[in-house]
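A.B. asks: my questions are about this predicted structure, shown below with the sequence.
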Amino acid sequence: MIANIVVRTRPGDRTKGLMNVDGIVFPCALGRGGVTAKKREGDGGTPLARMRILGGYHRRDHFAAHSSGLKLKPITPTLGWCEVPNDRNYNRPVRMPYAVSHERMLRDDRLYDACLVLDWNIRPRLRGRGSAIFFHLARPGFTPTQGCVAVTSQVMARLLPRLSTRTVLTVKG
């Protein structure tokens, strides 16, 4: 099992990173706001933090749930993630349709075909500290995320069988 994953900003590009997993380095995408120690809702920053992987979601029709120590739930058309700081379900999964702004988990761009929830701003949930910080699949060319860490589907497939709720992803900037 993988205990630690360390992410550092790629020199010269604050929206791209290098992910070290047991001495093997993989490219990754970071938030459009780069790495930040003062994460705020909507800033596009990837939190400078040590975050456990709590579990996640996958698209059964696009990404097989590999054997893993993580509990992966299927993504359904009604699955969303609340991103409104003053809502009672802030930074939690919600059932769609949902009255306030939310992230749609069933995406056409396949970024969430495998989507792992990081424990950023989960316990306690602080209003405005950022929501939906995930470890998910990257766009071609590793274009920036909204604050998440993203890798290719091949890297995710390689890592997933070795990840567990004890795995810690540390973003160092």
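C.D. replies: Cool, the structure landed. Numbers count the residues shown, from 1 in each chain.
A.B. asks: list the contacts for Gly12?
C.D. replies: By CB atoms under 8 Å, 6 or more residues apart in numbering, no residues touch Gly12. Just so you know, the C-beta spots here come from the backbone N, C-alpha and C atoms, and that holds for glycine as well.
A.B. asks: wait, I meant Thr78
C.D. replies: Residues in contact with Thr78 (CB under 8 Å, 6+ apart) are Arg95, Met96.
A.B. asks: ok, now with 10 Å
C.D. replies: Val94, Arg95, Met96, Pro97, Tyr98, Arg104, Met105, Leu106 (CB atoms under 10 Å, 6 or more residues apart in numbering).
A.B. asks: okay, it: pLDDT?
C.D. replies: On pLDDT, Thr78 comes in at 98.
A.B. asks: can I assume Gly69 sits in a strand?
C.D. replies: No - counting by DSSP: H, G, I helix; E, B strand; the rest coil, Gly69 is not found in a strand; it is coil.
A.B. asks: pretty sure it contacts Leu159?
C.D. replies: No - with contact defined as CB atoms under 10 Å, Gly69 does not reach Leu159; the gap is 11.6 Å.
A.B. asks: quick check: neighbours shared by those two?
C.D. replies: Common neighbours of Gly69 and Leu159, counting by CB under 10 Å, 6+ apart, are Ile2, Thr167.
A.B. asks: the two: who's more crowded?
C.D. replies: Set Gly69 next to Leu159 and count neighbours by other CB atoms under 10 Å: Leu159 wins out with 23 against 16.
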